[in-house]
Each structure stands twice: as structure tokens, then as C-alpha cells.
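Novice: what's the 3D shape of this:
(one chain, ligands or ions: 1)
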Amino acid sequence: MTSTKLFRESIAEQVYAIIKEEILLAKREPGEQINPRELASKLGLSIMPIRDALKQLVDEGLVVHKPRVGYFVRTFTSQEIREIMEVRKLCEVYCLEEYFDRIDREKLLACLESSQEEHDPTEGEEFEHLDDNIHSLIVQASGNIFLIKGYENLKDLIVLIRHLVRNQTYQANEEHIMLIEAILKGDRKGAKQILKDHIDRVTKSFSKMSFKSLNS
Ligand code: NI
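Specialist: This is a model prediction of the structure:
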């Protein structure tokens, strides 16, 4: 490999990280067009590393490329949302059941404490972060890097879906508390039911939204 190629790849990696972060933080909204030329001139780069970065994001499903039209931040039909949530449920419920004893109790206890804190934990980013942590702990218990990587990729898509349904009020916090308490008590069966119901309810609340305006 030539050093020029290495250089180009590392630049593309950085551009990839920048765009990905903008998407995940909703600085670029679902459905929004990404203009490679504009981005290249803004970052003072040639078009090649921008294209490489966008290609990687297309591979991950965060960006779509419409030939002769351009690049767009991914948006979802309600069917796609149901399907993504189905895979999520598959991963989490399986890991909960199979690796129940390996779920990190100490970290779970910390999550429980944050969930029970006085300030409104159901508000905004802080809650989303906590939500992510709780669900990830269950999947991380598997120690299976393929499963964990697949799940993390899925979670990026779920972050995007959340941007579409931002103003939802969640009863999720209460459900999280019940879930963690069941795990800490060693109640595998009860925890499994709570997790299933929780994911089903969130899925239902997603599909109640109208996505008409967001899907062309
Ligand atoms: Ni949750």
C-alpha cells in the first residue's frame, strides 16, 4: 500500500466519524441531503475521501445513495421500523435468557440508581444514554463480538428512528427499573417478560407516529 493511499484512508476515516456523529446527534436530520462537494470545500478536502466516507456510511445503512440524485440521511418506513425492532428484540431477549448470570450486576445497580434519581430522568439525552446503557449491558453479557457489533449497528439505526419520534413521552423509565430489579433478584423469567413487553410497547409507540411526510 502506498503512503498516499494510507493517508487518503485515514482522512476518509475522520470524515466518516464527523458525518456519523452529525447524523447520530441529529445535526443532520433523517431525509436530509448530504452534498459531497459542499462538504469537501467546507473541510478543505478533495472529493475522494468524502466519497469513501459516504460509501462506508451507506454500507452501515445510515446513509442512502440514490443514483444521479445524491446522498441522503437514512429515513424509515413504518415497516422497516417494525423489522429493526424485531431484530433488536431477538438479540436482547436471547441474551437475557442465555447469559442471564453474566449480566454485570454492578453496572446494572448504577443504572438503577440513575433511573431512580430525583431529577426527571425521562427527559432528553440523559435518559437516552441511560436507556442505551441498560439494554447494551444485556447484550454485552454474551461476550460475542459478532453479536455485539451487529447490535451496536442496529442501535445506531434506532438512534435515527428516535430522532423521528423525538417528542414521545416514555414510560420507559419505570419499565427499566422493573427490569433491573427483576434481574438483580435473579428472576430470569420475570425479567424476560418485562423486557419483551418493554420493547413491544416502544415498537408500538414508534409505529403510531406518522412517517408519511418523511418517506418520499
Ligand atoms: Ni429501554
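
Novice: Please name the nearest non-neighbouring residue to Leu130.
Specialist: Spatial nearest neighbour of Leu130, excluding adjacent residues (C-beta to C-beta, 6 or more residues apart in numbering): Ser114 at 5.4 Å. Where C-beta positions appear, they are placed from N, C-alpha and C, glycine not excepted.

Novice: Any figure for the gap between that neighbour and Ala141?
Specialist: From Ser114 over to Ala141 the distance is 19 Å, taken as C-beta to C-beta, to the nearest Å.

Novice: same deal with Gly61?
Specialist: 25 Å.

Novice: give me every residue that touches Cys111.
Specialist: Listed by C-beta atoms under 8 Å, 6 or more residues apart in numbering, the contact partners of Cys111 are Leu130, Asn133, Ile134, Leu137, His176, Ile180.

Novice: List the buried residues in stretch 47-67.
Specialist: Residues Pro49, Ile50, Arg51, Asp52, Ala53, Leu54, Gln56, Leu57, Leu62, Val63, Val64 are the ones in stretch 47-67 that count as buried (16 or more other C-beta atoms under 10 Å).

Novice: Over to stretch 23-42?
Specialist: So for stretch 23-42, counting by 16+ other C-beta under 10 Å, buried means Ile23, Ala26, Arg28, Pro30, Gly31, Ile34, Pro36, Leu39, Ala40.
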